[in-house]
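1. no sequence for this one, just the structure:
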């Protein structure tokens with residue numbers, strides 16, 4: 001997890017610097033309406049980070065997210081309020097942060113994209129570090145249709161990948 005966290009932190013910081021472009025919509029715009037919709041990169045990164053942390057530890061707190069992503073606790077708190085207000089996370093009385101069913105579904109979708117794209121990139125010869133960093137960027141912008149087609153094509157040519165990594169690359173429905 002530490003290696004994944006370090007790679008995720010580096011990829012997140014690199015991707016977030018590009019996200020600050022004035023050409024992209026503000027992340028706050030993703031939270032209008034309070035229903036599950038396409039979230040912007042920052043929100044997706046928070047959900048995915050919380051999801052990964054919950055795989056390794058029983059409780060997730062703002063400090064855990066801050067350490068993993070390299071941001072301050074106030075920044076994390078601000079985002080947790082946004083995600084909570086829109087039904088993606090719950091913060092309990094002990095300040096433990098957990099994903100709602102909606103948040104878990106969204107985080108698993110992003111994590112599936114990340115792991116699948118990483119495997120695809122590595123299969124075509126990209127080194128592991130670059131594959132991971134590129135997947136971390138692409139996972140937020142690729143359409144569902146394109147992703148599902150890539151995944152289906154990859155699994156049809158690498159059927160063993162679906163079996164050996166069933167949690168990371170489940171067969172398409």
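-> Nice, I can see it. Values in this document were obtained by computation on a predicted structure and should not be read as measured data.
2. switch to C-alpha atoms for all contacts and neighbour counts from now on
-> Noted.
3. how far away is residue 148 from residue 109?
-> With distances defined as CA to CA, to the nearest Å, the gap from residue 148 to residue 109 amounts to 11 Å.
4. quick check: the residue most central in space within the chain vs residue 88, distance?
-> Among the residues of the chain, residue 48 comes closest to the average C-alpha position under CA atoms, centre = their mean, at 3.4 Å. Residue 48 sits 11 Å away from residue 88 when distances are taken as CA to CA.
5. check residue 122 too.
-> 32 Å.
6. so for these two, which residue has more residues nearby?
-> Neighbour count, other CA atoms under 10 Å: between residue 122 and residue 88, residue 88 has more, with 25 against 16.
7. what sits against that one?
-> 47, 99, 100, 101, 102, 103, 104 (CA atoms under 8 Å, 6 or more residues apart in numbering).
8. Three-state assignment for residue 58, please.
-> In three-state terms, and counting by DSSP: H, G, I helix; E, B strand; the rest coil, residue 58 is coil.
9. for it, give me the pLDDT.
-> Here the pLDDT value assigned to residue 58 is 92.
10. same deal with residue 5?
-> Looking at residue 5, its pLDDT is 49.
11. same question, the one 5 residues further on
-> The predicted structure scores residue 10 at 52 on the pLDDT scale.
12. would you map the strands across the chain?
-> Here the chain has its strands, by DSSP state E, at 89-91, 97-99.
13. same for the last one, what does it pack against?
-> Other helices and strands packing on strand 97-99, by 3 or more CA pairs under 8 Å, 6 or more residues apart in numbering; DSSP states H and E, are helix 41-56, strand 89-91.
14. most tightly packed of the strands of the chain?
-> Neighbour counts (mean count of other CA atoms under 10 Å) averaged over each of the strands of the chain peak at strand 97-99, with a mean of 22.
15. mind showing which ranges of the protein have poor pLDDT?
-> Scanning the chain for pLDDT under 70 picks out 1-38, 162-173.
16. quick one, longest helix in it?
-> In the chain, assigned by DSSP state H, the helix with the most residues is helix 101-123.
17. contacts for that one next, please.
-> Judged by CA under 8 Å, 6+ apart, the contacts made with helix 101-123 from elsewhere in the structure are 36, 44, 47-48, 51, 87-89, 128, 131-132, 134-136, 139-140, 147, 151, 154, 168-169.
18. circling back: okay if I get the strands of the chain as a markdown table plus distance to residue 115?
-> Shown next, in a markdown table, are the strands of the chain (distance: least, CA to CA, whole Å):
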| stretch | distance to residue 115 |
| --- | --- |
| strand 89-91 | 23 |
| strand 97-99 | 20 |
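19. which of those strands sits closest to residue 72?
-> strand 97-99 (16.0 Å; CA to CA).
20. since that was my last question, I'll sign off now.
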